[in-house]
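Colleague: Quick one, fold the following:
(chains A and B)
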Number of protein chains: 2
Amino acid sequence: MKLTNPLDMHLHFRDEAMLEFVAPFSAKEFKAGVIMPNLVPPLIELNALKAYKQRVLNACKQEDFTPLMTLFYKAYDKAFLQSLRNEIFAIKLYPAGITTNSVGGVSAFDIDELKPTLEAMSELEIPLLVHGETNDFVMDREASFAPIYEKLALHFPKLKIVMEHITTKVLCELVQSFDNLHATITLHHLLLTLDDVIGGKMQPHLFCKPIAKREEDKEALCKLAFSGFEKVMFGSDSAPHPQHEKECCGCAAGVFSAPVIISVLAELFTKHSNLNNLQKFISNNACKAYKLSFSKDKIITLEQKQWQVPSVYESKDKSLKIVPFMAGQILQYQAKLED
Amino acid sequence: MKLTNPLDMHLHFRDEAMLEFVAPFSAKEFKAGVIMPNLVPPLIELNALKAYKQRVLNACKQEDFTPLMTLFYKAYDKAFLQSLRNEIFAIKLYPAGITTNSVGGVSAFDIDELKPTLEAMSELEIPLLVHGETNDFVMDREASFAPIYEKLALHFPKLKIVMEHITTKVLCELVQSFDNLHATITLHHLLLTLDDVIGGKMQPHLFCKPIAKREEDKEALCKLAFSGFEKVMFGSDSAPHPQHEKECCGCAAGVFSAPVIISVLAELFTKHSNLNNLQKFISNNACKAYKLSFSKDKIITLEQKQWQVPSVYESKDKSLKIVPFMAGQILQYQAKLED
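Modeller: Model prediction:
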């Protein structure tokens, strides 16, 4: 069993020691990844973006991996966007304060205010990636963002809008209603509900934003992903935090799934769908949506061979420890680069 | 400002070193407390219950505090219940596995199965205290227990049934619909919603069972408590866990509110209601419902004087550290025993 050019369309690499540590997990198994810009400070200008891209490439070492860079959304003028069009893959919009390092995000979704930037993006064919949550009650935040997605989709029909890491049935339906709406789905939202996070004991390593929702939401996400529906792409939202910052009072949101993604997706799709649809979900749909092509294919083989996910990954100098998604669990497939 | 005979109608003292450490916080400020039986193993027989009561009394030292002991619900025959009627205040029913140390609880609510025990309790006037949650989705667990409460209330009209630590609007309405249904409300559920627990960063010290719900639920609880409604009593559900067991992977549910209860309630009731209703909520309603009387009054004075809640309480031998509810916050009232 093989996968060609797996793509992770939503990825947090962070910076410095964390970047060095986590980038290889994705770079080994993926052909490319969309790298999120919510650093401190966020990526809002060309030099910082280019320098970060170089650090990402350095961290990926010799792996055949293309970082698809994103700019942090704010009001930009067209000339500026034109000047860096070839350096960026997309622009990522965060509502202000909604998740890790998003304080500089958008605080009102006024069409007139957004118009100059979003029209320039339409014309330059720069996709808009959106963390779609309001500051409503935590279980309603995503669903209550749906009207904003609709408004954006209607007002900017030529803008490619990607609803990132969707978690609700409502958005599973919305992505099928507007041609210019696309979506990414994470691995962990195919597996978790709020019950897994706080229904038994409290599980900080499963705490993410948007928070995992209800069983019916999870089922809608699975149905959509497993169907291979062409406007839905895999985006892990793999987001590492050091173990001591997860297992504490006031832990940050984020699930570090990078080391297990392909292995777990293979298991899920062979059980509930088929590898053809996984190929679409993890690569072909994104290639089509974004008109991506690669001069050389990266082939990942899937061998049916059990392995146990480590309880923690530790950096070489032992300065960083990260607990991965599914720590300690037995997985059925091993993903390897084809010789 | 004074309170007479404050009662905490739902209290976890645990055992051994933890009991020694936490009991004085409640014993200093309350006249009596209903002590929960979910030890390991749970309290299901007389000798264990009497021995535990003695350990509780020892831990309360010289304070004027009456522990109201409870038995862990299972099928008991009438002769047994009669033999220990004078030793117990009530029987506490846990659905199996629903919260800390509840594995031996009830797994089906079949009236025929419950009947012998509950009828004996009716006849002996032993109240039934219930942790009312199903094993449904975490946000629905309490509301989906409402039909079970209705069934119990209808089938055992002479049984006093106390819906413990209610957290939903649904149960705020239910307590007003059946004469034999009563309820306790905690301090933390008057102040928290799920947003406080997982809406920003994840807060293990605010993680409790039942989990805090929506704003509309909190408002219904506040309205009911602040009104002084006679079938609603204060029960803190103060439930200590060592700091290292809260700030970890897989933390247990429970909020340690004992050190701040009277101070915070005084602030809430002077702001949103009045001290007369607080007197009802924290003492008179329970005295009436349970026909409680005390030969000597315990008077707590409330002085308007700021103090800061410690970030952590540490036992004398430094073996135990517990982070209290509202750690680090500034409170407006100091509660003291009248000279």
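Colleague: just the strands in the stretch 151-300 of chain A please.
Modeller: Secondary structure of the stretch 151-300 of chain A (DSSP state E, counting those that start in this stretch): strands at A:161-163, A:181-185, A:232-234, A:299-308.
Colleague: mean confidence score for the second one?
Modeller: Think strand A:181-185. Averaging pLDDT along strand A:181-185 gives 98.
Colleague: for stretch A:228-240, same thing?
Modeller: 97.
Colleague: helix/strand/coil for A:S144?
Modeller: Secondary structure, DSSP: H, G, I helix; E, B strand; the rest coil: A:S144 is helix.
Colleague: isn't it right up against A:N135?
Modeller: No. Assessed by Cβ atoms under 8 Å, A:S144 is found out of contact with A:N135, at 9.3 Å. (C-beta placed from N, C-alpha, C; glycine too.)
Colleague: Can you name the residues of chain A sitting close to chain B?
Modeller: A:137-139, A:193-195, A:197-199, A:201-205, A:207, A:211, A:214-215, A:246-253, A:323 (Cβ under 8 Å from any Cβ of the partner chain).
Colleague: Buried ones among those residues?
Modeller: A:137-139, A:193-195, A:197-199, A:201-205, A:207, A:211, A:214, A:246-249, A:251-253, A:323 (16 or more other Cβ atoms under 10 Å in any protein chain shown).
Colleague: Going by neighbour count, which residues of stretch A:287-294 are buried?
Modeller: For stretch A:287-294, a neighbour-count test (16+ other Cβ under 10 Å) marks A:C287, A:A289, A:Y290, A:L292 as buried.
Colleague: Now the residues you listed in JSON lines, please, with extra columns for pLDDT and distance to B:L39.
Modeller: JSON lines is the format used below for these (pLDDT from 0 to 100; distance: Cβ to Cβ, whole Å):
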{"residue": "A:C287", "pLDDT": "98", "distance to B:L39": "60"}
{"residue": "A:A289", "pLDDT": "96", "distance to B:L39": "58"}
{"residue": "A:Y290", "pLDDT": "95", "distance to B:L39": "59"}
{"residue": "A:L292", "pLDDT": "96", "distance to B:L39": "61"}
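Colleague: Of those, which belong to helices?
Modeller: Mapping those onto helices (DSSP state H) picks out A:C287, A:A289, A:Y290.
Colleague: Among the residues you listed, which one sits closest to chain B?
Modeller: Distance to chain B across these (Cβ to the nearest Cβ) is lowest for A:A289, with 32.1 Å.
Colleague: Tell me which residues touch that closest one, please.
Modeller: Counting by Cβ atoms under 8 Å, 6 or more residues apart in numbering or on different chains, A:A289 touches A:K160, A:H182, A:E230, A:K231, A:M233.
Colleague: And the helices in the stretch 51-200 of chain A?
Modeller: Applying DSSP state H, counting those that start in this stretch to the stretch 51-200 of chain A gives helices spanning A:78-83, A:111-123, A:146-155, A:169-174, A:194.
Colleague: Out of these, the one nearest B:E150 is which?
Modeller: Proximity to B:E150, assessed across the helices of the stretch 51-200 of chain A by Cβ to Cβ, is greatest for helix A:194 (26.3 Å).
Colleague: by contact count, what packs against that closest one?
Modeller: If contacts are counted by 3 or more Cβ pairs under 8 Å, 6 or more residues apart in numbering or on different chains; DSSP states H and E, helix A:194 sits against no helix or strand.
Colleague: Report the distance from that helix to the chain centre.
Modeller: Averaging C-alpha positions (Cα atoms, centre = their mean, to the nearest Å) puts helix A:194 19 Å from its chain's average.
Colleague: looking only at pLDDT, what's the mean for it?
Modeller: 98.
Colleague: Equivalent analysis for stretch A:90-101, please.
Modeller: Across stretch A:90-101, the per-residue pLDDT values average to 86.
Colleague: what sits up against it?
Modeller: Under Cβ under 8 Å, 6+ apart, the answer for stretch A:90-101 is A:12, A:34, A:36-40, A:42, A:68, A:70-73, A:76, A:102-107, A:121, A:126-135, A:141, A:145, A:162, A:164, A:209, A:239, A:252-254.
Colleague: buried subset of these?
Modeller: Judged by 16+ other Cβ under 10 Å, buried ones among the contacts of stretch A:90-101: A:12, A:34, A:36-39, A:42, A:68, A:70-73, A:76, A:102, A:104-106, A:121, A:126-134, A:141, A:145, A:162, A:164, A:209, A:239, A:252-254.
Colleague: Please pull out the lowest mean pLDDT helix or strand from chain A.
Modeller: Lowest on mean pLDDT, DSSP states H and E among the helices and strands of chain A sits helix A:243-246, with a mean of 90.
Colleague: Using CSV, write out every CA atom in it.
Modeller: What follows is helix A:243-246, C-alpha atoms only, in CSV (Å, rounded to 0.1, in the frame of the first residue of the first chain):
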residue,chain,number,x,y,z
GLN,A,243,5.2,18.4,28.3
HIS,A,244,5.6,20.6,31.4
GLU,A,245,3.5,23.3,29.7
LYS,A,246,0.7,20.8,29.0
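Colleague: which other helices and strands contact that helix?
Modeller: Short answer (3+ Cβ pairs under 8 Å, 6+ apart): helix A:243-246 packs on strand A:321-322.
Colleague: Which is the succeeding secondary structure element to the strand it packs on?
Modeller: strand A:330-337 (DSSP states H and E).
Colleague: State the mean pLDDT of that next one.
Modeller: Across strand A:330-337, pLDDT averages out at 96.
Colleague: Report the distance from that strand to the chain centre.
Modeller: From the chain centre to the centre of strand A:330-337 is a distance of 21 Å (Cα atoms, centre = their mean).
Colleague: buried ones in that strand?
Modeller: Residues of strand A:330-337 classed as buried by neighbour count (16+ other Cβ under 10 Å): A:L331, A:Q332, A:Y333, A:A335.
Colleague: Mind telling me the two of those residues farthest from one another?
Modeller: A:Q332 and A:A335 (11.3 Å).
Colleague: Spit out the residues that contact those two alike.
Modeller: Residues touching both A:Q332 and A:A335 (Cβ under 8 Å, 6+ apart): A:S263, A:A266.
Colleague: how close does the residue nearest to A:D297 when sequence neighbours are not counted sit to A:F229?
Modeller: The shortest distance from A:D297 to any non-neighbouring residue, by Cβ to Cβ, 6 or more residues apart in numbering or on different chains, is to A:T4 (5.4 Å). Distance, A:T4 to A:F229, by Cβ to Cβ, to the nearest Å: 19 Å.
Colleague: Kindly report the same for A:V162.
Modeller: Taking Cβ to Cβ, one finds A:V162 at 14 Å from A:F229.
Colleague: ok, now A:N285?
Modeller: 8 Å.
Colleague: Number of residues surrounding the nearest residue to A:K280 once chain neighbours are set aside?
Modeller: Leaving out its chain neighbours, the residue that sits closest to A:K280 by Cβ to Cβ, 6+ apart is A:G228, at 3.9 Å. Neighbour count for A:G228, taken as other Cβ atoms under 10 Å in any protein chain shown: 18.
Colleague: thought A:G228 was touching A:I282?
Modeller: No. At 10.1 Å, A:G228 does not count as touching A:I282 under the criterion of Cβ under 8 Å.
Colleague: Tell me which of A:N285 and A:F229 has more neighbours.
Modeller: Neighbour count, other Cβ under 10 Å: between A:N285 and A:F229, A:N285 has more, with 23 against 18.
Colleague: list the contacts for the more buried one?
Modeller: A:G228, A:F229, A:E230, A:K231, A:V232, A:M233.
Colleague: Would you mind measuring from the residue nearest to the fourth one when sequence neighbours are not counted to chain B?
Modeller: Among residues not flanking A:K231 along the chain, A:H182 sits closest, at 4.7 Å (Cβ to Cβ, 6+ apart). Per Cβ to the nearest Cβ, to the nearest Å, A:H182 is found 27 Å from chain B.
Colleague: wait, isn't A:H182 in contact with A:E164?
Modeller: No. If you go by Cβ under 8 Å, A:H182 and A:E164 don't touch, sitting 9.6 Å apart.
Colleague: Going along the chain, name the strands of the stretch 1-150 of chain A.
Modeller: Counting by DSSP E, counting those that start in this stretch, one finds strands in the stretch 1-150 of chain A at the ranges A:2-4, A:7-11, A:32-35, A:66-72, A:90-93, A:128-130.
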